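Trainee: Quick one: sequence and predicted model below, then my questions.
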Amino acid sequence: MNVIVAVQDYINRMVGTVPGIKVLIMDNETAGMISMVFPQSAILQKEVFLFEKIDQKRESMNHLKAIVFLRPTPENIAHLVAELRQPKYGEYHLFFSNTLKNILLDELAQADEHEVVKEVQEFFADYYAVNTDLASLNLDEAMTLSSPSWHASQERMLEGLSSVLLSLKKRPFVRYSRQSEATHRIAQELGRRFSQENDVFDFRKPDSPPLLLLMDRRDDPVTPLLHQWTYQAMVHELLGIRNNRVDMSKVPGIRDELKTTIMAPDSDQFYKESMYKNFGDLGAAIKDLVDEFQSKSKSNQNIQSIDDMKQFVENYPEFRKMSGNVSKHVAVMSELSRLVDRYRLLEVSELQQELACNHDHNLAFKNLEQLMIRRDIDFRDKLRLVLLYAIRYEDAGRVPEAQDMLRRCDDANPDKIALVPAILEYAGRAVRTGDLLGNKTILSIARSTVKRGLTGVTNIYTQHKPLLHEVLQDLARNRLKDQVYPFLIGQPVKDRPQDVIVFFIGGATYEEALTVSEFNLANPGMRVVLAGTTIHNSETFLQELLQLKQKSALR
């Protein structure tokens, strides 16, 4: 189960089976989906001469063949109908990223008066393949059924989920989060889709049925609030990753060629090998590469720090030319290091981890008070600390005091302070499925305390494990409780599932992607793919929560 390979296979078949010089016509979304798994240079090698957008004006080139890859939306079909009535290319090969409704197919047939359409196919690549075991729909504002855009979001989720399943050739049993109306609704609608499109989902039944597990972001609001210390997650948290692109334009002194940086595991071997390394190990790995080049260039410059590495790269243009990829990562690492120092993120992260993992109210409140009065701690980090405190200690009676601490900050933002009650309304103890914090019963508190005492902590900044970690462990032991994650499609079986797709409504995170990667390595008899409506960092998560609050959509 490899979503990058699945999408690449579709693209290879699309451009490889049409001989001669071609033009590739896409929409904004399919262009992004292709760019995630295929650099433009690789597609050029397959005789693709031009890359165009369906909604833009183009010149007529009758000698070219057009490969059209679109999402089957009414808007795209309207553009394509207009194109077919006045064709600009000699022939058209139409590929849609999902099921094309018959009524839309009829529209295309009627528009093809010049008989230029040579084929129409459905290639189920209707999602963004981020890592080999991570996919996103890039769908915002899809956190609850009461979200203003839920109806449109629901349809897109069903299309995206169907596409992931069809590209991996799976018709799974489906389980959902018991207290989540959203996961229950999607499970029901997906069951209807299985019935309506039975022929499309007609795959050979394996001995162990695959499983689709629908989870809700509100069951684990802690994970997207934490600072991250592995490379991919850290880049997304501090700089932001969108379609494998990192905007570095605001980095002080950045060179023009690095203002938009590509971070793609499929085309960047160093990134692929390093994206789950922690910050310290990553710095050492980059230094080894710089040292290797330094020995080849016979330079005796003393390199001891990230700043030294950056200076060395700047002073040796031939290094940039020979190892542009490494130059890119040195620049990214340098900026991450600067931000960690500027915002005192080590100190912030230590308290975040304490709030997320330990249950000592008096100590937590004391440490929170101490950081809240410091002017060198950013308001955004103070807000996240209070949110974590509120989630952990919502019944302790001091959440209003923590809110007052925020109000006394010099750069206090009233709208952001309103997120404290909002997060409890969205994801408080009463609405969460499962025992996120290990504090719902005396037995679970005792068990979590004993576990911490026995295992110890090798890195205080990475103590936290997402809820997904426990869920996958329970699946591996075939002990995931039906009362917590009931079956809507299928029924319990005696053996654990071999293939599992986990889908997060409300967005997944890169920490959960790390969890899945580690689980797959440790459990060779199982394969897990993670997908979500989007991939959150703390900023995007809180922005969606704020929009829900402002639109009074929380309930």
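Mentor: Good, I have the coordinates.
Trainee: Which residue, other than its chain neighbours, is closest to residue 490?
Mentor: Leaving aside its sequence neighbours, residue 490 sits nearest to residue 173 (Cβ to Cβ, 6 or more residues apart in numbering; 2.8 Å). Where you see a C-beta, it was placed from the backbone N, CA and C, and this is true even at glycine.
Trainee: so who does the one you found touch?
Mentor: Residue 173 makes contacts with 209-212, 487, 489-491, 497, as judged by Cβ atoms under 8 Å, 6 or more residues apart in numbering.
Trainee: can you tell me which of these lies nearest to residue 531?
Mentor: Closest approach between the contacts of residue 173 and residue 531, by Cβ to Cβ: residue 212, at 9.5 Å.
Trainee: In a markdown table: the contacts of residue 173, plus pLDDT and secondary structure.
Mentor: Converted to a markdown table, the contacts of residue 173 look like this (pLDDT from 0 to 100; DSSP: H, G, I helix; E, B strand; the rest coil):
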| residue | pLDDT | secondary structure |
| --- | --- | --- |
| 209 | 92 | coil |
| 210 | 95 | coil |
| 211 | 96 | strand |
| 212 | 97 | strand |
| 487 | 94 | strand |
| 489 | 90 | strand |
| 490 | 86 | coil |
| 491 | 87 | coil |
| 497 | 92 | coil |
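Trainee: Now that we have these, which of them are buried?
Mentor: When those are checked for burial by 16 or more other Cβ atoms under 10 Å, the buried set is 209-212, 489-490, 497.
Trainee: any idea where the strands of the stretch 51-200 of the chain begin and end?
Mentor: In the stretch 51-200 of the chain, the strands defined using DSSP state E, counting those that start in this stretch lie at 61-70, 89-96, 117-122, 128-131, 134-136, 173-176.
Trainee: could you pull out the helices for the stretch 401-550 of the chain?
Mentor: Using DSSP state H, counting those that start in this stretch, the helices of the stretch 401-550 of the chain run over 414-417, 419-427, 442-455, 467-476, 510-522, 538-550.
Trainee: closest to residue 129 out of these?
Mentor: Nearest to residue 129, of those and by Cβ to Cβ, is helix 510-522 at 12.3 Å.
Trainee: which other residues reach the closest one?
Mentor: So helix 510-522 is contacted by 130-131, 133-134, 223, 226, 228, 230, 232-233, 236-237, 276, 464-466, 468-469, 472, 476, 502, 504, 526-530, 535, 537 (Cβ under 8 Å, 6+ apart).
Trainee: now stretch 404-417
Mentor: Stretch 404-417 is contacted by residues 368-369, 372-373, 375, 379-380, 382-383, 386, 403, 420, 542, 546, 550 when judged by Cβ under 8 Å, 6+ apart.
Trainee: And the buried ones among those, selectable in ChimeraX?
Mentor: Only the buried entries of the contacts of stretch 404-417 go into this ChimeraX selection, using 16+ other Cβ under 10 Å:
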select :368,372,380,382,383,386,403,420,542
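Trainee: least confident pick among the contacts of stretch 404-417?
Mentor: In terms of pLDDT, residue 550 ranks lowest among those, with 82.
Trainee: how much space between it and residue 422?
Mentor: Distance from residue 550 to residue 422, counting by Cβ to Cβ, to the nearest Å: 9 Å.
Trainee: same question, residue 437
Mentor: Distance, residue 437 to residue 422, using Cβ to Cβ: 19 Å.
Trainee: Of the buried ones among the contacts of residue 173, which pair is most distant in space?
Mentor: Pairwise distances across these (Cβ to Cβ) peak at 13.0 Å, for the pair 489 and 497.
Trainee: so residue 326 sits right up against residue 286, yeah?
Mentor: Yes. Residue 326 sits in contact with residue 286 when judged by Cβ atoms under 8 Å, with a separation of 6.8 Å.
Trainee: residue ranges with poor pLDDT in the stretch 251-400 of the chain?
Mentor: Within the stretch 251-400 of the chain, the stretches with pLDDT under 70 are 289-290, 292-324.
Trainee: again, 50 this time
Mentor: When residues are selected by pLDDT under 50, those of the stretch 251-400 of the chain lie in 321-322.
Trainee: quick one, helices of it?
Mentor: 269-274, 279-296, 306-315, 317-322, 324-342, 345-357, 361-372, 379-392, 399-407.
Trainee: Now render the ones you listed as CSV, adding distance to residue 138.
Mentor: CSV is the format used below for these (distance: least, Cβ to Cβ, whole Å):
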stretch, distance to residue 138
helix 269-274, 20
helix 279-296, 27
helix 306-315, 32
helix 317-322, 32
helix 324-342, 22
helix 345-357, 27
helix 361-372, 34
helix 379-392, 24
helix 399-407, 31
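Trainee: for these, which one ends up most surrounded?
Mentor: With neighbours defined as mean count of other Cβ atoms under 10 Å, those peak in mean count at helix 379-392, which reaches a mean of 22.
Trainee: Give me the contact list for that helix.
Mentor: 221-222, 225-226, 343, 345, 348, 351-352, 355-356, 359, 364-365, 368, 371-372, 399, 402-403, 405-406, 409, 411-413, 416-417, 419-420, 423-424, 427-428, 437, 439, 538-539, 542.
Trainee: repeat for stretch 142-158
Mentor: By Cβ under 8 Å, 6+ apart, stretch 142-158 touches 137, 139, 141, 181-182, 185-186, 189-190, 193, 217-218, 426, 505-507, 533-534, 544-545, 548, 551, 553-555.
Trainee: What's the separation between residue 372 and residue 531?
Mentor: Distance, residue 372 to residue 531, by Cβ to Cβ: 37 Å.
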